[in-house]
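[1] sequence and predicted model, in that order:
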Amino acid sequence: MGITVFFIDTGIDTGARILMSEAVDISSYTSVTEAKEYLFNLDRIFFRKALALLAESEPSFQLNDGTGPRYFVMSKLFQGVVDQLLQARD
């Protein structure tokens, strides 16, 4: 799992220029809700990193060619199924 900061366009999880991408370990969380809360609480850290990169005289961007994964908001029903699977794992 990871966090990517990029310039969005009209699609969902789409945009041509990726500013940064970083892996984030969520293996210690036993529910989707806990993992999502942890990831969303990292926003200020990643926004600061992104702003620092943009402040550089010539920031570099990775091209998003559309072949990478796209993530959507998980439905409550599907989230419940995933949580049950995670709890059964323990």
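    Good, I have the coordinates. Residues are numbered from 1 along each chain as shown.

[2] does T10 sit in a helix or strand, and which one?
    Here T10 is covered by no helix or strand, with elements defined by DSSP states H and E.

[3] strands paired with the helix or strand that V5 is a member of, and their directions?
    Secondary structure assignment for V5, by DSSP H and E: strand 2-7. Partners of strand 2-7 in the sheet, by DSSP bridges, are strand 17-23 (antiparallel).

[4] how about the CA coordinates for the strand it pairs with, as PDB?
    C-alpha atoms of strand 17-23 as PDB (Å, rounded to 0.1, in the frame of the first residue of the first chain):
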ATOM      1  CA  ARG A  17       1.900  14.100 -13.500                       C
ATOM      2  CA  ILE A  18       2.900  12.200 -10.300                       C
ATOM      3  CA  LEU A  19       4.900  14.300  -7.900                       C
ATOM      4  CA  MET A  20       5.800  11.600  -5.400                       C
ATOM      5  CA  SER A  21       4.900   8.100  -4.300                       C
ATOM      6  CA  GLU A  22       5.800   6.400  -1.100                       C
ATOM      7  CA  ALA A  23       5.100   2.900   0.300                       C
END
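
[5] got the buried residues for it?
    18-20 (16 or more other C-beta atoms under 10 Å). Where C-beta positions appear, they are placed from N, C-alpha and C, glycine not excepted.

[6] looking at it now, give me its mean pLDDT.
    Strand 17-23 comes out with an average pLDDT of 89.

[7] who's in contact with the next helix or strand after it?
    Note on strand 17-23: by DSSP H and E, the next helix or strand toward the C-terminus is helix 32-40. Residues outside helix 32-40 that contact it (C-beta atoms under 8 Å, 6 or more residues apart in numbering): 1, 3, 24, 26, 29, 74, 79, 82-83, 86.
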